[in-house]
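1. Predicted model and sequence follow; I will ask about them next.
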Amino acid sequence: MKAFIKMLKTELVLSLRGMDMLIFAICMPAVISIILGAIYGTSPAFEGSEYTFIEQSFGALSAIAVCAGGLMGLPLVVADYRNKKILKRFKVTPTSPKLILTVQIFIYIFYSIISLILNYFILTVFFGYNFRGSIIEFLGAYFLVMLSMFSIGMLVGGVAPNTKIATVLACILYFPMLIFSGATLPYEVLPSHFQRIADFMPLTQGIKLLKSSSLGVYNENIFIPIIAMIFLGIICIIFSIKFFKWE
Amino acid sequence: MDSVIKIKDLTKSYSGITAVKNVDISVEKGEIFGLLGANGAGKSTTIECALGTKKQDKGKISILGMNPHFDRKKLFEKVGVQFQESSYQEKITVSELCEVTQSLYKKPKNYKALLKQFGLSEKLKKMINELSGGQKQRLFIVLALIPNPEVVFLDELTTGLDTKARRDVWKHLLELKNNGMTIFLTSHFIDEVEKLCDRIGILKKGEMVFYGTIEEAINSSPHENLEDAYLWYAEEETINESVY
């Protein structure tokens, strides 16, 4: 435990020193919240809607940091630490390389939660946001999205033969999901054929879940997203355990 | 008494190419053992198999009576390792790396005292990237000593150090040896090996071509000094070839 806390502290400082996640997981979602808030304010999501556009977008906005951490931060740090033989160094200590991987997962959970709180604060204070759903259900959905995104990231980082390939894979996953899953561009404004393609992205399903649970309105069948997320998470975890390259 | 490091009949190959073959090494408590050989002779493979970071194809290994695969947790409380390739995070400072390393062990040594001993006290807040080659090398020796180990493995001990720094490192290692520490090292420098090692092993293409004391190495060769004797053992073939 002593080692875990010490390492968590140090790795967090290193991550902040690196700035990337501060920009992509904290600043970017906050800026998008401010922009959407400034554009839509308290206008309703659609004509006759009982909730506002911002209320509808909260779930999506809170997923940006999870997406950045899981699909960009985590795979890159895992590939980098393997490449630098840091994982190998832990093999000749009483602990194991799994410790530093666990620490990294906690760091990205930390970024996600900070971003969630920050977005909530910005939207509530400045743009009249009102959380309508069930906090428990929302947090459940939020951790499910984290589970699936982080397991994808761990798999990519764990099996990519080098940092370069990890970067390419991370970009292929991160940017389309960031843009088309509804995290930045609202899903509702996408043309319907785009929506159909976007539906195949795991984050789209996750955001549907976050949206429903934050609004307390379950128009769509939520079982498909839940099953899809759990299934994906389990598959990625099994594959990363089986195929993880320590060196 | 049982040897501290015991390697018996170690064989390891990578996709059909033999890296080490039938290597036997045993190191007693308080001894410094030096493994010599040209690049690619199998020194690092031997160390890695001994530490369990690579799995041998054949052979038995025990360190402090423990198996490096099955008793990892217990064993590495007492074993310090410095790998040839340094492995640290970008943008990490000396004190951060030392503190994290210290936190991994139950009874670590005070890293500040070690840094002072190796002349690195002033560098506490420096990024490791900013250290010179010699300073980095000394830091990695410090990291290997933080567990307060009974055995240390030092791969390419003083590569990158200047003459003065090398002599300082030798002095520290001899002190550690006098306090009962067992040291397993690889080196390219014959003067270093001569100064430090009680026994040596010379690897050539994965096979042990000499194993014994420095005196024995010289006596069983046609030469008068260790450097020539080493070359005679390690590069015999090339010399013979060049005659033709």
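-> Structure received.
2. Could I get the buried residue list for the longest helix along chain B?
-> The longest helix of chain B (DSSP state H) is helix B:163-178. Residues B:165-166, B:168-170, B:172-173, B:176-177 are the ones in helix B:163-178 that count as buried (16 or more other Cβ atoms under 10 Å in any protein chain shown). Every residue, glycine included, has its C-beta placed from N, CA and C.
3. now the strands for chain B?
-> For chain B, the strands defined by DSSP state E cover B:5-14, B:17-27, B:32-37, B:58-63, B:79-82, B:151-154, B:182-186, B:199-204, B:207-212.
4. do the longest one and chain A meet at all?
-> No. When contact is scored as Cβ under 8 Å from any Cβ of the partner chain, no part of strand B:17-27 falls within range of chain A; the minimum is 15.0 Å.
5. and the angle for that strand with strand B:5-14?
-> Orientation check (axes from the mean of the first three to the mean of the last three Cα atoms, to 10 degrees): strand B:17-27 against strand B:5-14 gives 180 degrees.
6. do the same with the last one
-> Angle, strand B:207-212 to strand B:5-14, by the same axes, to 10 degrees: 160 degrees.
7. Give me the residues contacting strand B:207-212.
-> B:20-25, B:199-203, B:217, B:220, B:233-234, B:236 (Cβ atoms under 8 Å, 6 or more residues apart in numbering or on different chains).
8. Point out the least confident one among these.
-> Among the contacts of strand B:207-212, residue B:236 carries the lowest pLDDT, at 59.
9. returning to what we had before: list the helices and strands the longest helix of chain B packs on?
-> Helices and strands touching helix B:163-178, as assessed by 3 or more Cβ pairs under 8 Å, 6 or more residues apart in numbering or on different chains; DSSP states H and E, comprise helix B:133-145, strand B:182-186, helix B:190-196.
10. Please state the offset of it from the chain centre?
-> Put simply, helix B:163-178 sits 14 Å off its chain's centre (Cα atoms, centre = their mean, to the nearest Å).
11. In chain A, spot the helix with the most residues.
-> Max-length helix for chain A by DSSP H is helix A:97-127.
12. quick one on the thing from earlier: can you tell me the average pLDDT over the longest helix of chain B?
-> 89.
13. what angle do that helix and strand B:32-37 make?
-> Angle, helix B:163-178 to strand B:32-37, by the same axes, to 10 degrees: 130 degrees.
14. and stretch B:183-194, is it in reach of chain A?
-> No. For stretch B:183-194, no contact with chain A is found by Cβ under 8 Å from any Cβ; the gap never falls below 12.7 Å.
15. on that earlier part again, got a PyMOL select line for the buried ones in the contacts of strand B:207-212?
-> Entered in PyMOL, the line below selects the buried ones among these, by 16+ other Cβ under 10 Å:
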select buried, chain B and resi 20+21+23+25+199+200+201+202+203+217+233+234
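16. and the contacts of strand B:207-212, which two are the farthest apart?
-> Across the contacts of strand B:207-212, the longest distance by Cβ to Cβ is 22.0 Å; it joins B:20 and B:220.
17. Please dump the helices and strands packed on helix B:163-178 into TSV; it should also carry mean pLDDT for every row.
-> Below are the helices and strands packed on helix B:163-178 laid out as TSV (pLDDT from 0 to 100):
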stretch	mean pLDDT
helix B:133-145	89
strand B:182-186	95
helix B:190-196	91
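18. Most tightly packed of the ones you listed?
-> Using mean count of other Cβ atoms under 10 Å in any protein chain shown, the stretch among these with the largest mean neighbour count is strand B:182-186, at a mean of 25.
19. Tell me the neighbouring strands of that one, and mark each as parallel or antiparallel.
-> strand B:32-37 (parallel), strand B:151-154 (parallel) (DSSP bridges).
20. between these, which one is nearest to residue A:208?
-> Among these, the nearest to residue A:208 by Cβ to Cβ is strand B:151-154 (53.8 Å).
21. Residue B:157: how many residues sit nearby?
-> 27 (other Cβ atoms under 10 Å in any protein chain shown).
22. cool, residue A:136 as well?
-> 9.
23. Name all residues that make contact with it.
-> Counting by Cβ under 8 Å, 6+ apart, residue A:136 has no contacts.
24. swap in residue B:112?
-> B:98, B:121, B:124.
25. try 10 Å this time
-> Residue B:112 makes contact with B:95, B:98, B:102, B:120-121, B:124 under the criterion Cβ atoms under 10 Å, 6 or more residues apart in numbering or on different chains.
26. Let me have the strands of chain B in TSV, extended by distance to residue A:16.
-> Shown next, in TSV, are the strands of chain B (distance: least, Cβ to Cβ, whole Å):
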stretch	distance to residue A:16
strand B:5-14	40
strand B:17-27	42
strand B:32-37	42
strand B:58-63	39
strand B:79-82	29
strand B:151-154	34
strand B:182-186	38
strand B:199-204	45
strand B:207-212	50
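27. among those, which is nearest residue A:65?
-> Set against residue A:65 and scored by Cβ to Cβ, the strands of chain B come closest in strand B:79-82, at 37.3 Å.
28. Each with direction, which strands does that closest one pair with?
-> Here strand B:79-82 is paired, per DSSP bridges, with strand B:151-154 (parallel).
29. contacting residues around the partner strand?
-> Residues contacting strand B:151-154 (Cβ under 10 Å, 6+ apart): A:92, B:4-5, B:27, B:29, B:32, B:34-35, B:47-48, B:50-51, B:63-64, B:75, B:78-84, B:137, B:140-141, B:144-145, B:169, B:173, B:176, B:181-187.
30. hmm, back to that, what is the longest helix of chain A packed up against?
-> Counting contacts by 3 or more Cβ pairs under 10 Å, 6 or more residues apart in numbering or on different chains; DSSP states H and E, helix A:97-127 packs against helix A:2-18, helix A:20-21, helix A:28-40, helix A:53-68, helix A:74-83, helix A:86-91, helix A:135-159.
31. Could you pull out the buried residues of the longest one?
-> Right, the one you point to is helix A:135-159. For helix A:135-159, a neighbour-count test (16+ other Cβ under 10 Å) marks A:137-138, A:141-142, A:144-159 as buried.
32. and what of the third one?
-> For helix A:28-40, the buried set under the neighbour-count rule, 16+ other Cβ under 10 Å, comprises A:28-30, A:32-33, A:36-37, A:40.
33. Now do that helix against helix A:53-68, angle only.
-> 160 degrees.
34. what does the average pLDDT come to for helix A:28-40?
-> For helix A:28-40, the mean per-residue pLDDT is 95.
35. For residue A:132, grab the count of nearby residues.
-> 15.
36. residues in contact with it?
-> With contact taken as Cβ under 10 Å, 6+ apart, residue A:132 is in contact with A:50-52, A:55, A:58, A:213-217.
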